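*Asks:* here's a sequence, model it:
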Amino acid sequence: MNARAALFDLYGDHLRSRGGRASVAALVRLLAPLDIAAPAVRTAVSRMVRQGWLAPARLPRGPGYEVTPKCVRRLDETALRIYRVGTITWTGRWHVLVVEPVRERSRRERLRADLAFLGYAPLSETTWIGPRASPELGGLLAGEGIHADRFDAVLDGDPQALAARTWDLDGIGSAYEDWLARAVDLIGGLPRDAAADRVFAVRSRLLHGWRNFLFRDPGLPAELLPPGWPGEKARAYFEQEAARLLPAAAAFVDRHLAEP
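*Replies:* You can find the predicted model right below:
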């Protein structure tokens, strides 16, 4: 786990609900159980500031950083996908984007990665579909200065076949099975009387592995997925263990936020 990803997890999972800010010293202490050294934390923070995710803040316990409105939108949207409530419903309609051609390679690749994170997949170089409109889409396109025509459309054909052609569902399903096996080993190696810092580290690694699915899995409804979709079994395990370990992890965070 790199420092930038760990910071996103920390702000999203713990700090967002505590005002979205922390001193530099607290950030260093909180990432230490993940074997992330202080210089790496400071470098990652600086990078996130340049990218508009964090902003410097003067805090009672020293200089620190707080989430920006852009970061709040991303964290809140991410949390809804990580800690999903109930089953995914679908109207039977697809959200279709026809994006203007982007000539600059780095900008084009950044756009592709961001659209994939929001749950879209390409039908062609400029046409993307998603199972629903993402609330982050407008901000993403505006931030990149890219125009896209948007349609709410019904497929004249088999939507399940379209989903199977558009997303690598076999690969995503195998990834869920692999993640679940590793997660069971990770949790199984945690003693019942483990110290709070170790519980925090294990839960953070559990969350980090689960969060990575947001870059691959668009959150398709059951009617578009193959029978026996392994993502549901993996999700049940994640939710169970993340909730079980939360009190000790949260106590660890609170203690270090309170220190000078």
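*Asks:* would you map the strands across the stretch 1-150 of the chain?
*Replies:* 21-23, 54-59, 62-67, 94-99, 121-122, 127-130, 148-153 (DSSP state E, counting those that start in this stretch).
*Asks:* lowest average confidence, helix or strand, in this structure?
*Replies:* Sorting the helices and strands of the chain by mean pLDDT, DSSP states H and E puts helix 69-82 at the bottom, at a mean of 86.
*Asks:* mind listing what's buried along it?
*Replies:* For helix 69-82, the neighbour count (16 or more other C-beta atoms under 10 Å) marks 70-72, 74-75, 77-78, 81-82 as buried. From N, CA and C alone the C-beta is placed, and that goes for glycine too.
*Asks:* got the angle for that helix vs strand 62-67?
*Replies:* 60 degrees (axes from the mean of the first three to the mean of the last three C-alpha atoms, to 10 degrees).
*Asks:* excluding its own residues, what touches helix 69-82? List them.
*Replies:* 8, 11-12, 16, 20, 48, 52-54, 67, 134-136, 139, 143, 207, 210-211, 214, 219 (C-beta atoms under 8 Å, 6 or more residues apart in numbering).
*Asks:* try it again with 6 Å
*Replies:* Residues outside helix 69-82 that contact it (C-beta atoms under 6 Å, 6 or more residues apart in numbering): 12, 16, 52-53, 136, 214.
*Asks:* report the contact partners of the residue in the chain sticking out farthest from the centre.
*Replies:* Ranked by distance from the centre of the chain (C-alpha atoms, centre = their mean), the top residue is Asp156, with 32.4 Å. For Asp156, the contact set (C-beta under 6 Å, 6+ apart) is empty.
*Asks:* so what secondary structure elements neighbour the longest helix anywhere in the chain?
*Replies:* Longest helix in the chain, counting residues (DSSP state H): helix 230-258. Secondary-structure packing of helix 230-258 (3 or more C-beta pairs under 6 Å, 6 or more residues apart in numbering; DSSP states H and E): helix 24-31, helix 169-188, helix 196-211.
*Asks:* give me the neighbour count for Pro56.
*Replies:* Per other C-beta atoms under 10 Å, the neighbour tally for Pro56 reads 12.
*Asks:* now it: closest residue in space, sequence neighbours ignored.
*Replies:* Leaving aside its chain neighbours, Pro56 sits nearest to Tyr65 (6.0 Å; criterion: C-beta to C-beta, 6 or more residues apart in numbering).
*Asks:* the one you found contacts Leu54, correct?
*Replies:* Yes. The criterion here is C-beta atoms under 6 Å, and Tyr65 meets it with Leu54 at 4.4 Å.
*Asks:* what about Ala57, how many residues nearby?
*Replies:* By the criterion of other C-beta under 10 Å, Ala57 has 15 neighbours.
*Asks:* so is Pro226 in a helix, a strand, or just coil?
*Replies:* Assigned with DSSP: H, G, I helix; E, B strand; the rest coil, Pro226 falls in the coil class.
*Asks:* now do the same for the residue nearest to it when sequence neighbours are not counted: its pLDDT.
*Replies:* Using C-beta to C-beta, 6+ apart and skipping residues adjacent in sequence, the residue nearest Pro226 is Leu169, 6.3 Å away. Listed pLDDT for Leu169 reads 94.
*Asks:* neighbours of Leu169, how many?
*Replies:* 19.
*Asks:* please shift the residue numbers so they start at 673 in all later answers.
*Replies:* Yep, numbering from 673; the last one is Leu841 now.
*Asks:* how much space separates it from Gln912?
*Replies:* According to C-beta to C-beta, to the nearest Å, Leu841 and Gln912 sit 24 Å apart.
*Asks:* ok, Arg883 next?
*Replies:* Distance from Arg883 to Gln912, by C-beta to C-beta: 17 Å.
*Asks:* of these two, who's got more company?
*Replies:* The neighbour comparison of Arg883 against Gln912 (other C-beta under 10 Å) goes to Arg883, with 18 against 11.
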